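**Student:** below is the sequence, then the predicted model.
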Amino acid sequence: MKRWSTNDLRKLEIINLCDGTRLGCASDFEFDCEDAKILALVIAGSDGLFGMGREDDIIIPWNKIECFGEDTILVRLSPADLSYCLCPRPKRKGIRY
């Protein structure tokens with residue numbers, strides 16, 4: 001049994017097997033604290049130029065993960081699944097320094 005740390009998982013590229021697209025790398029995880037299980041991988045959307053054109057986060061349910069490789073995580077997301085997995089990022093107010 002191979003063990004992975006969250007730092008290891010964040011370095012792996014996530015590839016969608018349905019169309020071969022590179023979705024990005026995991027930036028966060030969703031956990032169920034009561035059952036001590038990982039529920040989903042989160043890929044943070046990019047902020048765009050000066051915070052404009054911000055992309056949605058992608059939340060990939062754990063059951064959509066097919067396998068973990070040496071340098072990739074393979075997932076199977078149909079176009080309908082992918083549109084369901086998009087999560088708008090909260091808007092920031094004001095300027096942060």
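**Tutor:** That came in fine, so what should we check first? Numbering: from 1, shown residues only.
**Student:** drop to CA atoms for contacts and neighbour counts, all remaining ones
**Tutor:** OK.
**Student:** low-scoring stretches of this protein, by residue?
**Tutor:** Within the chain, the stretches with pLDDT under 70 are 1, 47-54, 89-97.
**Student:** who are the packing partners of the helix ranked longest in it?
**Tutor:** Longest helix of the chain, by residue count under DSSP state H: helix 79-85. Judged by 3 or more C-alpha pairs under 8 Å, 6 or more residues apart in numbering; DSSP states H and E, the packing partners of helix 79-85 are strand 57-61.
**Student:** pairing partners for the strand it packs on, with directions?
**Tutor:** Sheet pairing of strand 57-61 (DSSP bridges) gives strand 37-43 (antiparallel), strand 86-87 (antiparallel).
**Student:** now the element after it, going C-ward?
**Tutor:** On the C-terminal side of strand 57-61, the nearest following helix or strand under DSSP states H and E is strand 65-68.
**Student:** now the terminal residues of stretch 33-44, how far apart.
**Tutor:** Stretch 33-44 has an end-to-end distance of 22 Å (C-alpha to C-alpha, to the nearest Å).
**Student:** flag every buried residue along it.
**Tutor:** 40-44 (16 or more other C-alpha atoms under 10 Å).
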